[in-house]
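Peer 1: have a look at this fold, sequence not included:
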């Protein structure tokens, strides 16, 4: 399933980041801890010119803590990169961010050389909520709809430490199909860009084996964990629909309602703590996507050659 969503304001955000980064010392990329690889913007390294980067895995309280540790180790192994996890309950987030950025750019943060930090991330990753906490006021709109923030703003975190917030931005072409479905499941993609039933089925395929016990606890399916893991995604969605009353006249499955239930439960943490990908899985998806792209380009080249 291919999901693409890059509305007009994201073009403007891309241009704004390109201009702003000329004066930036550190970049904070806010990631969704439930999908750290899928929510990492592959354009960012290009746009930020290799600036030191803090990978902030937000919503850690909604994620699988074991997999979060794997992702932190993965990102911390990257050059000029530091990674840490965060959530809305973290005490003194401003102090935490100032300390992390100071470690990445130790020569900045004085009256002569103030620290200038850019924070960015995909839509609906929780950035606006963090900004409001840091600012101590409602500085940014928050909500469950992707793309609510539309303009840049500056926040003073400490003396000689300035944080520039940018609207959430995806990238023009999501080349890894699994990333597209994970982003859609998390709410980072506009609702008009995907089919909810397809995304719900992809989500169940991703979580039915590692989180079978959580699914059983939430939906009371009357099965064993190994039976849940062996079920096809459509059969699993059918069982959830029957248990939750997602039925039409004649006791037929209301697939749309069932899909909405599963997606809403995932986004609101009703199913439990889970992470949709590991570093190893994401690397496998990325390699497969690159191979598919290479094959597609080869076929296009062959067709062009035949037309000459």
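Peer 2: Nice, I can see it. Keep in mind that what you see is a predicted model, and the values were worked out from it rather than measured.
Peer 1: just give me the neighbour total for residue 170.
Peer 2: The number of residues packed near residue 170 is 27, by other CB atoms under 10 Å. All C-beta spots, glycine's among them, are computed from the backbone N, C-alpha and C.
Peer 1: the nearest residue to residue 158 once chain neighbours are set aside: which element?
Peer 2: Computed as CB to CB, 6 or more residues apart in numbering, the closest residue to residue 158 that is not its neighbour in sequence is residue 98, at 5.2 Å. Applying DSSP states H and E as the criterion places residue 98 in helix 93-104.
Peer 1: buried residues in that helix, which are they?
Peer 2: Using 16 or more other CB atoms under 10 Å as the test for burial, helix 93-104 gives 93, 94, 97, 98, 100, 101, 102, 104.
Peer 1: which one of those is nearest to residue 71?
Peer 2: For the buried residues of helix 93-104, the minimum distance to residue 71 (CB to CB) is 16.2 Å, reached by residue 100.
Peer 1: just the helices in the stretch 201-308 of the chain please.
Peer 2: 212-219, 225-230, 233-244, 255-267, 279-307 (DSSP state H, counting those that start in this stretch).
Peer 1: can you say which of those helices is nearest to residue 114?
Peer 2: Minimum separation from residue 114 across the helices of the stretch 201-308 of the chain (CB to CB) falls at helix 279-307, 35.0 Å.
Peer 1: show me which positions of the closest one end up buried.
Peer 2: Using 16+ other CB under 10 Å as the test for burial, helix 279-307 gives 279, 282, 285, 286, 289.
Peer 1: same deal with stretch 31-43?
Peer 2: For stretch 31-43, burial by neighbour count (16+ other CB under 10 Å) applies to 31, 32, 33, 34, 35, 36, 37, 38, 39, 40, 41.
Peer 1: next: stretch 248-266.
Peer 2: Judged by neighbour count (16+ other CB under 10 Å), stretch 248-266 contains these buried residues: 253, 254, 255, 258, 259, 261, 262, 263, 265, 266.
Peer 1: need the residues that contact that stretch.
Peer 2: Stretch 248-266 is contacted from outside by 185-186, 196-197, 199-201, 203-204, 218, 237-238, 240-242, 244, 246-247, 270-271, 274, using CB atoms under 8 Å, 6 or more residues apart in numbering.
Peer 1: are any of those residues buried, and which?
Peer 2: 185-186, 196-197, 199-201, 203-204, 218, 237-238, 240-241, 244, 246, 271, 274.
Peer 1: neighbouring contacts of the strand or helix carrying residue 70?
Peer 2: Here residue 70, judged by DSSP H and E, is contained in helix 65-76. Helix 65-76 is contacted from outside by 33, 36-37, 55, 57, 60, 81-85, 273, 275, 277-279, using CB under 8 Å, 6+ apart.
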